[in-house]
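Engineer: sequence plus the predicted model coming up.
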Amino acid sequence: MSKIDLVMTVPLPPLIIDGLERDFTIQKLWLADDWEALLDKIAPGVRAIAAAVPILAQDRVWPIDAAFMSRFPNLEIVANLGVGYDNIDANWAKDHNIAVTNTPDVLTEETADTAFGLMLNTVREFSAAERYLRAGKWLQQPYRLTASLKDRTLGILGLGRIGKAIACRAEGFGLKIVYHSRNKAQGVDYPYYPDVLSLARACDILMVVVPGGPETRNMIDVDVLKALGPDGILINIARGTIVDEPALIEALANRTIHAAGLDVFANEPHVPEALLALDNAVLLPHVGSASVVTRDAMSQLVVDNLVNWSKGAPLLTPV
Ligand code: GLV
């Protein structure tokens, strides 16, 4: 059987490249001196694209938008490394019968662990307390007293797979849970709020887990931050675009919210200086799923989706 032409837009992990090499001829666009010329030559034969959200591709950004996909008249599938697929115009793909796959499930528990660790760290200031110790300041006096998880309400914005895994952890810690999602979630009896503003009013810690993209851009705006209030804490493990970053910086600087824990930023890997300067923000370099075992499982899922497709077998995780 002849190999299938596949375009890889960004540098994907060796596990993916090795896993695809038997069945696919991989065109590595990021290595091409003149990728326009390369595409002109190969486009008609290309049936598959392997892509990734920037954090999983050494921060290289390559939008799989309508203009890009329409260069390939015989394109049938885009396989994405990442549970989020805001790098792909999935609606356009659907309208043109192009399948899109992502990497859900295998990263759910890891990402929920990160979210929970970030929340604990932000509330109890563990990073700052460690910096304090290392700077020798404990010798002068103990670290200051912090906020607490005790008797707090966690508001989860987006009760999908990862949101539910976070809720499961939060139950173990005795937190009260409330949520808002596009639709009411099945099989849970946490109080539902019809919009993000009423959710922010009802909770102490707002955990952002909704997907990125145009529908959620700047969903956490000045009004939501105001509704969260001076004791409120914002945790974002989803996408930086969901939060109005300048508004958040202002709210943190003026202490109109208490603190924020952020694993994601609007323009990764660039983090605004003003945010770096704040002592009430805990900042992580987008490490939600970043363990060896989880990243390998995500890579394997990209391979398995593409190999299944090449054999006419069902896709494992179509979006
Ligand atoms: C990471 O951000 C992902 O979407 O998997």
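Structural biologist: Nice, I can see it. Quick caveat, the model's predicted, so the values are computed rather than measured.
Engineer: helix/strand/coil for Thr25?
Structural biologist: Recorded secondary structure, Thr25: strand (DSSP: H, G, I helix; E, B strand; the rest coil).
Engineer: which stretches of the stretch 1-150 of the chain have low pLDDT?
Structural biologist: For the stretch 1-150 of the chain, not a single residue meets the criterion pLDDT under 70.
Engineer: one more time with 90, if that's ok
Structural biologist: Applying pLDDT under 90 to the stretch 1-150 of the chain flags the ranges 1.
Engineer: contact residues of it facing the ligand?
Structural biologist: 53, 55, 82-84, 107 (Cβ under 6 Å from any ligand atom). Just so you know, the C-beta spots here come from the backbone N, C-alpha and C atoms, and that holds for glycine as well.
Engineer: excluding covalently adjacent residues, which one is nearest to Glu245?
Structural biologist: Ala266 (4.8 Å; Cβ to Cβ, 6 or more residues apart in numbering).
Engineer: contacting residues around the one you found?
Structural biologist: Ala266 sits next to 240-241, 243, 245 when contact means Cβ atoms under 8 Å, 6 or more residues apart in numbering.
Engineer: hang on, the earlier thing: between the residues of the stretch 1-150 of the chain next to the ligand, which sits nearest Val303?
Structural biologist: Using Cβ to Cβ, the shortest approach to Val303 within those belongs to Gly82, at 14.5 Å.
Engineer: ok, now which ones touch that closest one?
Structural biologist: 52-53, 55-56, 102-103, 298.
Engineer: which of those residues fall in strands?
Structural biologist: Judged by DSSP state E, the contacts of Gly82 include Ala52 as members of strands.
Engineer: identify the farthest-apart pair in the contacts of Gly82.
Structural biologist: Farthest pair in the contacts of Gly82, by Cβ to Cβ: Ile55 and Asn102, 13.8 Å.
Engineer: between those two, which is the more surrounded one?
Structural biologist: For Ile55 versus Asn102, the count of surrounding residues by other Cβ atoms under 10 Å is larger for Asn102: 23 against 20.
Engineer: assess the claim that the more buried one and Val302 are in contact.
Structural biologist: No. Using Cβ atoms under 8 Å, Asn102 makes no contact with Val302, being 9.0 Å away.
Engineer: number of residues surrounding Asn308?
Structural biologist: Neighbours of Asn308 using other Cβ under 10 Å come to 15.
Engineer: that one belongs to a helix?
Structural biologist: Yes. Checked against three-state DSSP, Asn308 lies within a helix.
Engineer: list the contacts for it?
Structural biologist: 314-316.
Engineer: how about the nearest residue to the residue most central in space within the chain, chain neighbours excluded?
Structural biologist: Closest to where the C-alpha atoms of the chain average out (Cα atoms, centre = their mean) is Ala238, at 3.9 Å. Leaving aside its sequence neighbours, Ala238 sits nearest to Val208 (Cβ to Cβ, 6+ apart; 4.9 Å).
Engineer: and what of Lys176?
Structural biologist: Nearest residue to Lys176 in three dimensions, chain neighbours excluded: Thr153, at 4.3 Å (Cβ to Cβ, 6+ apart).
Engineer: the one you found: neighbour count?
Structural biologist: Residues lying near Thr153 (other Cβ under 10 Å) number 15.
Engineer: how is this structure divided into domains?
Structural biologist: 4-104+294-310, 108-283 (automatic domain parsing).
Engineer: phi, psi of Gly261?
Structural biologist: Per-residue torsions, Gly261: phi -120, psi 120 (degrees, to the nearest 10).
Engineer: and if you look at Lys3?
Structural biologist: Dihedral pair for Lys3: phi -70, psi 150, per degrees, to the nearest 10.
Engineer: around the closest residue to it other than its chain neighbours, how many other residues sit close by?
Structural biologist: Using Cβ to Cβ, 6+ apart and skipping the chain neighbours, the partner closest in space to Lys3 is Thr25 (4.5 Å). For Thr25, the neighbour count with other Cβ under 10 Å is 15.
Engineer: for Thr25, give me its contacts.
Structural biologist: With contact taken as Cβ under 8 Å, 6+ apart, Thr25 is in contact with 3-6.
Engineer: can you give me the helices for this protein?
Structural biologist: 14-20, 35-42, 66-69, 90-95, 108-124, 126-134, 161-172, 196-202, 222-228, 245-253, 273-276, 292-311 (DSSP state H).
Engineer: and these as JSON lines, adding distance to Asp189?
Structural biologist: Converted to JSON lines, those look like this (distance: least, Cβ to Cβ, whole Å):
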{"stretch": "helix 14-20", "distance to Asp189": "40"}
{"stretch": "helix 35-42", "distance to Asp189": "52"}
{"stretch": "helix 66-69", "distance to Asp189": "42"}
{"stretch": "helix 90-95", "distance to Asp189": "32"}
{"stretch": "helix 108-124", "distance to Asp189": "20"}
{"stretch": "helix 126-134", "distance to Asp189": "32"}
{"stretch": "helix 161-172", "distance to Asp189": "11"}
{"stretch": "helix 196-202", "distance to Asp189": "15"}
{"stretch": "helix 222-228", "distance to Asp189": "24"}
{"stretch": "helix 245-253", "distance to Asp189": "31"}
{"stretch": "helix 273-276", "distance to Asp189": "37"}
{"stretch": "helix 292-311", "distance to Asp189": "30"}
